[in-house]
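Asker: Give me a 3D structure for the following:
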Amino acid sequence: MATAMSDMNRRALAELGAVIDRIDGSRVEALLGELSRARRIALYGVGREGLMMKALAMRLFHMGLDAHVVGDMTTPPLGNGDLLVVSAGPGRFSTVEALAGVARGAGVRVLCFSAQPDGAVPRSADLAVILPAQTMASDTSAPTSILPMGSLYEGVMYLFFEYLVLMLRDRLDITAEKMRANHTNLE
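Answerer: Residues are numbered from 1 along each chain as shown. Predicted coordinates:
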């Protein structure tokens, strides 16, 4: 049992690393600029992608940025100078597409994470950052990942977002202590 789990672990970590190594650095640099300049940031995703977007929102909040999760009662209206960050791993979800349209109509810049650069949402975004991993939509005919369904994409999201936070923290000169001071005490 332990050997089988160790084998799965090695393969999954190799898959995650291979995907992260293929992320376009120029788009990451553009992403850091967008996040640094945004007045307000709202984040949205569906399903497990949505959970990863909530994790990113939490870290942005810890850095002192005005970050919110779409759908929470405390999410303010967005307008010029604001950023909507969405995930559409397979390239399109109807809710993500609709929210992006509303945001664009209000003058909000739209950033999309996706595994599919030709998808409707990443094509229409101001910036698309491609996380080239297998998603749930692409694992039905010839799965390539040891991880089930869309887990490779979601795992890449988690790791990439943590690396992104480290890069953004350095860019904005925010200390770990400052981040910790923004962590809730109601746990």
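Asker: if I look at residue 94, how far off is residue 120?
Answerer: According to Cβ to Cβ, to the nearest Å, residue 94 and residue 120 sit 10 Å apart. Backbone N, C-alpha and C define where each C-beta goes, glycine included.
Asker: for residue 153, same thing?
Answerer: Taking Cβ to Cβ, one finds residue 153 at 17 Å from residue 120.
Asker: what about these two, which has more around it?
Answerer: Between residue 153 and residue 120, counting by other Cβ atoms under 10 Å, residue 153 is the more crowded of the two (29 against 18).
Asker: where's the helix or strand that that one is a member of relative to the chain centroid, distance-wise?
Answerer: Taking DSSP states H and E as the criterion, residue 153 maps to helix 151-171. How far helix 151-171 lies from its chain's middle: 8 Å, per Cα atoms, centre = their mean, to the nearest Å.
Asker: now do stretch 34-43
Answerer: Taking mean C-alpha positions (Cα atoms, centre = their mean), stretch 34-43 and its chain are 13 Å apart.
Asker: can you give me the mean pLDDT across that stretch?
Answerer: Averaged across stretch 34-43, the pLDDT comes to 98.
Asker: for stretch 48-62, same thing?
Answerer: pLDDT averaged over stretch 48-62 gives 97.
Asker: Identify all contacting residues around that stretch.
Answerer: Residues outside stretch 48-62 that contact it (Cβ atoms under 8 Å, 6 or more residues apart in numbering) are 35, 41, 43-45, 67-69, 85-89, 150-151, 153-154, 157-158, 161-162, 164-165, 168, 179-180, 182-183.
Asker: on that earlier part again, for the helix holding residue 153, packing partners?
Answerer: Secondary-structure packing of helix 151-171 (3 or more Cβ pairs under 8 Å, 6 or more residues apart in numbering; DSSP states H and E): helix 2-21, helix 25-37, helix 47-62.
Asker: Including mean neighbour count and distance to residue 133, could these go into JSON lines?
Answerer: Shown next, in JSON lines, are the helices and strands packed on helix 151-171 (neighbours: other Cβ atoms under 10 Å; distance: least, Cβ to Cβ, whole Å):
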{"stretch": "helix 2-21", "mean neighbour count": "12", "distance to residue 133": "4"}
{"stretch": "helix 25-37", "mean neighbour count": "14", "distance to residue 133": "15"}
{"stretch": "helix 47-62", "mean neighbour count": "20", "distance to residue 133": "11"}
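Asker: Out of these, the one nearest residue 130 is which?
Answerer: helix 25-37 (7.2 Å; Cβ to Cβ).
Asker: Now do the closest one against helix 151-171, angle only.
Answerer: Comparing the axes of helix 25-37 and helix 151-171 via axes from the mean of the first three to the mean of the last three Cα atoms, to 10 degrees yields an angle of 60 degrees.
Asker: Tell me the gap between helix 25-37 and the middle of its chain.
Answerer: Per Cα atoms, centre = their mean, the displacement of helix 25-37 from the mean C-alpha position of its chain is 13 Å.
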